[in-house]
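Need a 3D model of the following:
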Amino acid sequence: MSITQKGEELHFDENLFIVSKTDLKGRITYANDLFIEISGYKEQELIGMPHNILRHPDMPKAIFKLLWDRVQAGNEVFAYVKNRTKNNYYYWVHAYITPVTDTKTNQIIGYHSVRRAPSPKGLEVIIPLYKRMLDAEQTGGVQASRALLDTTLSQLKVSYDAFILSYE
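The predicted model follows:
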């Protein structure tokens, strides 16, 4: 089996990839077998649904805003994401999200995401950072959460991309 369970957390083999595609509104148009299996949903339950059906409450909204801002502007983005399954289990991924463009018009027509198992070293840094960002969101909203992320990156003297990619 490609998925293992430790308590409420699911893990998948580091050599496997979760793949999905969405339309411009973030509605799922394609899900590979691993995505279907780990999510706990049937394919027909996923197709047409917003990708945020998997959003875990431990994820800062500021991270999703950053992701959407980047891909809607035509840029790729990497991120650590905690997802929630249909049965309320969770799993972490290291996600790569990129816009899909029409080759004739060069217009963005959707988004493609490939996710792999996250590095334990990365999670040691990301989990407490996301917790602080969530705390900031509780009192100051998404702007406060993003400001905390920006301050953290500034103190480390690193860009967001370099930060995320340093924990592969």
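
where does the residue located most distally from the centre of the chain sit relative to residue 24, distance-wise?
When distances are taken from the C-alpha mean of the chain, residue 104 lies farthest, 29.0 Å away, according to Cα atoms, centre = their mean. Taking Cβ to Cβ, to the nearest Å as the measure, residue 104 falls 17 Å from residue 24. Placement of C-beta: from N, CA and C, glycine included.

Which neighbouring elements make contact with the lengthiest strand in the chain?
In the chain, with assignment by DSSP state E, the single longest strand is strand 90-101. In this structure, strand 90-101 makes packing contacts with strand 9-12, helix 61-72, strand 77-84, strand 108-116, judged by 3 or more Cβ pairs under 8 Å, 6 or more residues apart in numbering; DSSP states H and E.

Give me the angle between the second one and strand 108-116.
So that's helix 61-72. Taking axes from the mean of the first three to the mean of the last three Cα atoms, to 10 degrees, helix 61-72 and strand 108-116 form an angle of 130 degrees between their directions.

quick one: contacts for the residue found closest to residue 96 once you drop the neighbours it is linked to in the chain?
Distances taken as Cβ to Cβ, 6 or more residues apart in numbering place residue 114 nearest to residue 96, at 5.0 Å, with adjacent residues excluded. Shown here is residue 114, whose contacts under the criterion Cβ atoms under 8 Å, 6 or more residues apart in numbering are 17-19, 95-96.

on that earlier part again, out of the helices and strands packed on strand 90-101, which is closest to residue 134?
In terms of Cβ to Cβ, the element of the helices and strands packed on strand 90-101 nearest to residue 134 is helix 61-72, at 8.7 Å.

ok, residues contacting the closest one?
The contact list for helix 61-72, computed with Cβ under 8 Å, 6+ apart, reads 26, 52, 55, 76-77, 79, 81, 97-99, 108, 111, 130, 133, 137, 142, 145-146, 149, 160.

Buried ones among those residues?
Restricting these to buried positions leaves 26, 77, 79, 81, 97-99, 108, 111, 130, 133, 137, 142, 145-146, 149, 160, with burial counted as 16 or more other Cβ atoms under 10 Å.

okay, now residue 46: neighbour count?
Residue 46 has 21 neighbours, counted by other Cβ atoms under 10 Å.
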